[in-house]
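Peer 1: Provided below for reference: sequence and predicted model.
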Amino acid sequence: MASASGAAAVARDDERRFVLEDVPWWMYLALRDRLGDEDHTRMTYLEGRLELATTSRLHGELHQLIARLLEAWAMDEDVDLRGFGATTFRKEAKRRGLEPDECYALGPIAADGVPAIALEIVVSSPLVDKLAVYAGLAVPEVARASGAT
């Protein structure tokens, strides 16, 4: 049975985060699939811990700025950078899943289905270790940008 961990954390610029503990894999899948792409709730799943978060305007502004800069650089340098947005990546065997703020492949996406580069904007501190999730998913590069002052 899933249980909530503490009260909801209210973060900078109206980002909200909270964690559910002991969430079975099937429940994470059901929640992620039910909310779908239209919902802007971000989920990070790590071995039974499920963080649900909303993003702020500052988060969105930084995300767009950095993504545009990276894409402009790729065009200028003739790099085959292919964007996949906030696509959900998950592996049941590793009990991990998340949606990066933006992710890219260098050329066609790898056979294992993970991006070559993930972009993470940090305005408020995650409650679940996203780098551990990325490591378990075998994403080779994670670019983190902080909006914290």
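Peer 2: Received the coordinates, thanks.
Peer 1: how about the helices in this structure?
Peer 2: 25-35, 57-77, 130-137 (DSSP state H).
Peer 1: helices or strands up against the shortest one?
Peer 2: Spelled out, it's helix 130-137. strand 42-46, strand 89-91, strand 96-98, strand 141-146 (3 or more CB pairs under 8 Å, 6 or more residues apart in numbering; DSSP states H and E). Quick note: C-beta positions are derived from backbone N, CA and C, even for glycine.
Peer 1: pLDDT weak spots in the protein?
Peer 2: 1-13, 36-39, 148-149 (pLDDT under 70).
Peer 1: just to revisit the earlier point, can I get the helices and strands packed on helix 130-137 in CSV with mean neighbour count and distance to residue 82?
Peer 2: Below are those laid out as CSV (neighbours: other CB atoms under 10 Å; distance: least, CB to CB, whole Å):
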stretch, mean neighbour count, distance to residue 82
strand 42-46, 22, 22
strand 89-91, 18, 15
strand 96-98, 23, 19
strand 141-146, 14, 14
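Peer 1: output those strands as TSV; include the columns distance to residue 65.
Peer 2: Putting the helices and strands packed on helix 130-137 into TSV (distance: least, CB to CB, whole Å) gives the following:
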stretch	distance to residue 65
strand 42-46	19
strand 89-91	23
strand 96-98	22
strand 141-146	9
